[in-house]
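[1] would you be able to build a 3D model of this:
(one chain, ligands or ions: 2)
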Amino acid sequence: MRWRPGLPGDRLAARRVDTVAELRQLVTWARQHPDVTAVRHRRVRELVGDPPDVCRRGHRYGGGSATRAALGWRECACGGHIIHTCGWPGCGDVQPDPPSARTAAPAR
Ligand SMILES: [Zn+2]
Ligand SMILES: [Zn+2]
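    Numbers count the residues shown, from 1 in each chain. Ligands and ions are numbered 1, 2, ... in the order given. So this is what the prediction gives:
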């Protein structure tokens, strides 16, 4: 949902709906709202299970800020993956969550 520029606060508001009826209600509301310029919606797959806490070389993602994993997001046909990039020097392991056959680094 994109708000007209110039409003205070975030221009991009993400709402989560669980049913088609709720989605229809939200879209109907947004179309009537003068400040909403675009409505996008997509299915988001629930992320199941615990996020990984070690990279595939066994480095812990927790730790101090120096070694904390960087988080990213990759759009995917299955709904998307959270991307954990290992922060350990010289490692650079990039791990999608949930795991994916595509393990290449994200484009950006
Ligand atoms: Zn690592
Ligand atoms: Zn995927």
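[2] helix or strand: which one has E22?
    Using DSSP states H and E, the element containing E22 is helix 20-32.
[3] using CSV, write out every CA atom in that helix.
    Provided in CSV are the C-alpha atoms of helix 20-32 (Å, rounded to 0.1, in the frame of the first residue of the first chain):
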residue,chain,number,x,y,z
VAL,A,20,-9.7,-13.2,1.4
ALA,A,21,-12.6,-11.3,3.0
GLU,A,22,-10.2,-9.2,5.1
LEU,A,23,-8.1,-8.5,2.0
ARG,A,24,-11.1,-7.4,0.0
GLN,A,25,-12.2,-5.1,2.9
LEU,A,26,-8.7,-3.6,3.1
VAL,A,27,-8.5,-3.0,-0.7
THR,A,28,-11.9,-1.5,-0.7
TRP,A,29,-11.0,0.8,2.1
ALA,A,30,-7.8,1.8,0.5
ARG,A,31,-9.4,2.6,-2.9
GLN,A,32,-11.7,5.0,-1.2
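[4] pLDDT (mean, whole number) over that helix?
    Mean pLDDT, taken over the full extent of helix 20-32, equals 74.
[5] then stretch 99-106?
    Mean predicted lDDT for stretch 99-106 stands at 56.
[6] and for stretch 79-87?
    In this model, stretch 79-87 has an average pLDDT of 86.
[7] kindly report the same for stretch 51-60.
    On average, stretch 51-60 scores 88.
[8] may I see the buried residues of it?
    For stretch 51-60, burial by neighbour count (16 or more other Cβ atoms under 10 Å) applies to P52, C55, H59. Any C-beta I mention is one placed from the backbone N, CA and C, and that applies to glycine too.
[9] which SS class is the first one?
    In the three-state summary, P52 is assigned as coil, counting by DSSP: H, G, I helix; E, B strand; the rest coil.
[10] so it makes contact with T85?
    No: judged on Cβ atoms under 8 Å, P52 makes no contact with T85 at a distance of 11.7 Å.
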